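> Any chance you can model this:
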Amino acid sequence: MSVSDHLNTLDPMDLKILLELIKDPRIQIAELSDALGIARNTAQSRVKRLQRSGVLQAAGREVDLEKVGYDVVAFVTIEVTHRELDGVIGALRLIPQVLEVHEISGRGDLWCRVVATDTHNLQSALRSVLRTKGVIRTETVLALHTHIPYRTEPLISRMAAAPLGRAPSAPTRGKHEEPNSRSGE
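Model prediction:
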C-alpha cells in the first residue's frame, strides 16, 4: 500500500488516535477512548487496524541509549561494490552498534547511524564495517548534539488539520523567518 493509499484510508479519528499515541506511547486503551470520547472497543479495533496496515508500528518502548552508556553517535556513509550490496547489508545487521542502514543517492551507497560507548568502541565498530567484504570506503561524522530528535507529531498534526481526503500542502514560511533578500532591493 502506497503513502497515498494510507492517506485515503485515514479518517480524522485515525489521525487523532495517532496524535494521542505520539504524545503518550504508553496510553492505555481506556485512557485513549476517554481522551477521544469514543468507545473502548472502537479505540481498540482502530489501533489494531492501524497496526495491521503498518501505519502504526508494533508497540515498543523507546530506549534512551545515552542513559545506558551509548552516548557517541556517528553517521557513516559507506561506498560498496554493488554486487556485494546485499552481503554488506547482512553483515551490518550483525553489528549491534549499527542502528539504521539506508540505501542512498549521491556520494556513497549506504548511510548508517551507529552508536558507541566511547571513541574506542566506535573505532571497533567501524573496523568491523571496513572488514566487511564489498566495503570500498567509509566516511564518518560524529553528532555533537541532537537538536531535533526523530519525530512524527508535526506531520501527523498537519495531516489532521488538512481538509478530509486532501494531502497537506507544502509548509509556508514561519512569521518569524526573514526572506533571503533584503527589503527594498
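
> I78 reaches T140, doesn't it?
No. I78 is not in contact with T140 according to Cβ atoms under 8 Å; the separation is 9.6 Å. Backbone N, C-alpha and C define where each C-beta goes, glycine included.

> what about these two, which has more around it?
With neighbours defined as other Cβ atoms under 10 Å, I78 and T140 compare such that I78 has more, 25 against 16.

> how far away is A30 from R49?
Going from A30 to R49 by Cβ to Cβ, to the nearest Å gives 18 Å.

> between the two, which one's more packed in?
The residue with more neighbours, out of A30 and R49, is R49; 14 against 11, by other Cβ under 10 Å.

> Kindly export the helix or strand hosting that one (C-alpha atoms) in PDB.
Using DSSP states H and E, R49 sits within helix 40-52. As requested, the backbone C-alpha atoms of helix 40-52 are provided in PDB (Å, rounded to 0.1, in the frame of the first residue of the first chain):
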ATOM      1  CA  ARG A  40     -13.100   1.300  24.200                       C
ATOM      2  CA  ASN A  41     -13.900  -1.300  21.600                       C
ATOM      3  CA  THR A  42     -13.700   1.400  18.800                       C
ATOM      4  CA  ALA A  43     -10.400   2.600  20.100                       C
ATOM      5  CA  GLN A  44      -9.000  -1.000  20.300                       C
ATOM      6  CA  SER A  45     -10.200  -2.000  16.900                       C
ATOM      7  CA  ARG A  46      -8.900   1.200  15.300                       C
ATOM      8  CA  VAL A  47      -5.400   0.700  16.900                       C
ATOM      9  CA  LYS A  48      -5.300  -2.900  15.800                       C
ATOM     10  CA  ARG A  49      -6.300  -1.900  12.200                       C
ATOM     11  CA  LEU A  50      -3.600   0.800  12.200                       C
ATOM     12  CA  GLN A  51      -1.100  -1.800  13.300                       C
ATOM     13  CA  ARG A  52      -2.200  -4.400  10.800                       C
END
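
> Pull the residues that contact it.
Helix 40-52 is contacted by residues 13-14, 17-18, 21, 29-30, 32-33, 36, 56-59 when judged by Cβ atoms under 8 Å, 6 or more residues apart in numbering.

> buried stuff in that helix?
Across helix 40-52, burial judged by 16 or more other Cβ atoms under 10 Å covers 43, 46-47, 50.

> so what secondary structure elements neighbour the next helix-or-strand element following it?
Using DSSP H and E, the next helix or strand after helix 40-52 towards the C-terminus is strand 72-80. Helices and strands touching strand 72-80, by 3 or more Cβ pairs under 8 Å, 6 or more residues apart in numbering; DSSP states H and E, are strand 110-116, helix 119-130, strand 135-143.

> closest one to E153 among the ones you listed?
strand 110-116 (20.5 Å; Cβ to Cβ).

> partners of the closest one in the sheet?
Neighbouring strands of strand 110-116 in its sheet, by DSSP bridges, are strand 72-80 (antiparallel), strand 98-103 (antiparallel).
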